[in-house]
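> What follows is a predicted protein model with its sequence.
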Amino acid sequence: MSRAFMALGLFALVLTTSCSKDDIDDDTNVELVNTQIPNDVTQLFVEKGNINSNTVVLYSNGGPDFTLDTNYFDELGFSEYHEVYVHQSNTYNSTIINSGELTFERAIIENENSVEILHRVAKHFSDQGKDVYIVGHSFGAILIPALIATKEPVATKYLLLAGRLDFPDVVWQGFRDGQGYYFEDGVTPTEQFLDGSVSAIERERYFARMKLQAAFGKNRYTQLLQNKDLTNVIYAYGDKDEAVGSLTEDEVNFLNSKDVEVYAIQGGSHGSMTEFPHTDNLKSLLFD
């Protein structure tokens, strides 16, 4: 299993990872600055893979993090295509997390910025006549439904890995208010707490991540996507996912009613999609 897929679960992130001293100064916060999305779209992504391919795969990373990990999806094995790692607001503007000043209201705005960034990048390549595929995991898989719900269609297909449509209120509200949760056996929301050794500055950064997570988690996508065409969506989940929880029967029924290709992994965890044979199966579903 990929380290990124294992460690950057939507609601597990703040409880399982810490920031390196090489990346940030643990003793001081930086000032929160406003996010200014540049007119130059090429500043909003990093390319790799076969850049000459007419098939462009846009990646929406899990996290949220304050740096853009351009190896996050390597284990999917899509390097034969033009791979594009798209910034989220929080990776383009690292002060969103590192300042420790993020409010829930500002988190909602920054998530809207992340959706706008992904839409601009998708349109950038679509306008070139490219076949655009959008892939997201965890936090990134919660972002993509917001894109579908609020923007005009710009992608050939979407692949959502280990996301959710309707998080339990207790979970997203807990994250909004600084209380962590995981899903015992992939089902039961269970309180989880930061270790006492976490510094005050680092704790504030964790809380900023939690607010970003909550700002997407509050959305009821079974309602927001009710009138949207989802026939080009593939949705993969593990029924033992302790980070975001398994999809509920209601969520699965909604996806089936919208003719979504639902790929359920029995006994699957948050990162099972990166393991054989699921990688091959999902690749075939996405591109064949």
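Looks like it arrived, so ask away.
> Name the nearest residue to K211, ignoring sequence neighbours.
What sits nearest to K211 in space, not counting adjacent residues and going by C-beta to C-beta, 6 or more residues apart in numbering, is A107, at 4.0 Å. From N, CA and C alone the C-beta is placed, and that goes for glycine too.
> So the one you found sits against A214, correct?
Yes: counting by C-beta atoms under 8 Å, A107 touches A214, with 7.1 Å between them.
> What is the neighbour count of E31?
Residues near E31, counting by other C-beta atoms under 10 Å, number 8.
> Wasn't it part of a strand?
No: counting by DSSP: H, G, I helix; E, B strand; the rest coil, E31 is not part of a strand but coil.
> isn't it right up against I96?
No: using C-beta under 8 Å, E31 is not in contact with I96, being 11.5 Å away.
> hmm, back to that, counting neighbours, what do you get for the residue nearest to K211?
So A107, with other C-beta under 10 Å, has 25 neighbours.
> Helix, strand, or coil at it?
Following three-state DSSP, A107 is assigned to helix.
> pLDDT at it, what is it?
With respect to pLDDT, A107 scores 98.
> ok, now which ones touch it?
Shown in contact with A107 (C-beta atoms under 8 Å, 6 or more residues apart in numbering): A208, K211, L212, A214, A215.
> ok, and the most crowded of the residues you listed?
L212 (31 neighbours).
> Remind me what the helix or strand it falls within packs against, helices and strands.
L212 belongs to helix 200-217 when assigned by DSSP states H and E. For helix 200-217, the elements it packs on are helix 13-16, helix 95-98, helix 104-126, helix 139-150, helix 169-176, judged by 3 or more C-beta pairs under 8 Å, 6 or more residues apart in numbering; DSSP states H and E.
> and whichever helix or strand comes after the longest one with helix 139-150, angle?
Reading on from helix 104-126 to the C-terminus, the next helix or strand found by DSSP H and E is strand 131-137. Inter-element angle recorded for strand 131-137 and helix 139-150: 130 degrees (by axes from the mean of the first three to the mean of the last three C-alpha atoms, to 10 degrees).
> what helices or strands is strand 131-137 leaning on?
Using 3+ C-beta pairs under 8 Å, 6+ apart, strand 131-137 is in contact with strand 55-60, helix 104-126, helix 139-150, strand 157-161, helix 278-287.
> what about the fourth one, average pLDDT?
Meaning strand 157-161. 98.
> hmm, who's touching it?
By C-beta under 8 Å, 6+ apart, the surrounding residues in contact with strand 157-161 are 133-138, 141, 144-145, 148, 232-237, 273, 282, 285-286.
> at 7 Å instead, please
Strand 157-161 has contacts (C-beta atoms under 7 Å, 6 or more residues apart in numbering) with 133-137, 141, 144, 232-236, 273, 282, 286.
> Filter these down to the buried ones and express that as a PyMOL selection.
To isolate the buried members of the contacts of strand 157-161 in PyMOL, using 16 or more other C-beta atoms under 10 Å:
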select buried, resi 133+134+135+136+137+141+144+232+233+234+235+236+273+282+286
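> Nearest to T222, out of the helices and strands packed on helix 200-217?
helix 139-150 (9.7 Å; C-beta to C-beta).
> mind listing what's buried in that closest one?
F139, G140, A141, I142, L143, I144, P145, A146, L147, I148, A149.
> May I see the helices and strands packed on strand 131-137 organised as CSV, with distance to G178 added?
Converted to CSV, the helices and strands packed on strand 131-137 look like this (distance: least, C-beta to C-beta, whole Å):
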stretch, distance to G178
strand 55-60, 25
helix 104-126, 10
helix 139-150, 18
strand 157-161, 27
helix 278-287, 34
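> how about the ones you listed, which one is nearest Q36?
Closest of the helices and strands packed on strand 131-137 to Q36 is helix 104-126, at 9.5 Å (criterion: C-beta to C-beta).
> in that closest one, what counts as buried?
Neighbour-count burial for helix 104-126 flags 106-108, 110-111, 113-126 (criterion: 16+ other C-beta under 10 Å).
> and if you look at stretch 242-251?
Result for stretch 242-251 [16+ other C-beta under 10 Å]: buried residues E242, A243, V244, G245, S246, L247, E251.
> out of the helices and strands packed on strand 131-137, which comes closest to L44?
helix 104-126 (5.2 Å).
> what's the angle from that closest one to helix 169-176?
Using the same axes, to 10 degrees: helix 104-126 against helix 169-176 is 100 degrees.
> what's the spacing between helix 104-126 and its chain's center?
12 Å (C-alpha atoms, centre = their mean, to the nearest Å).
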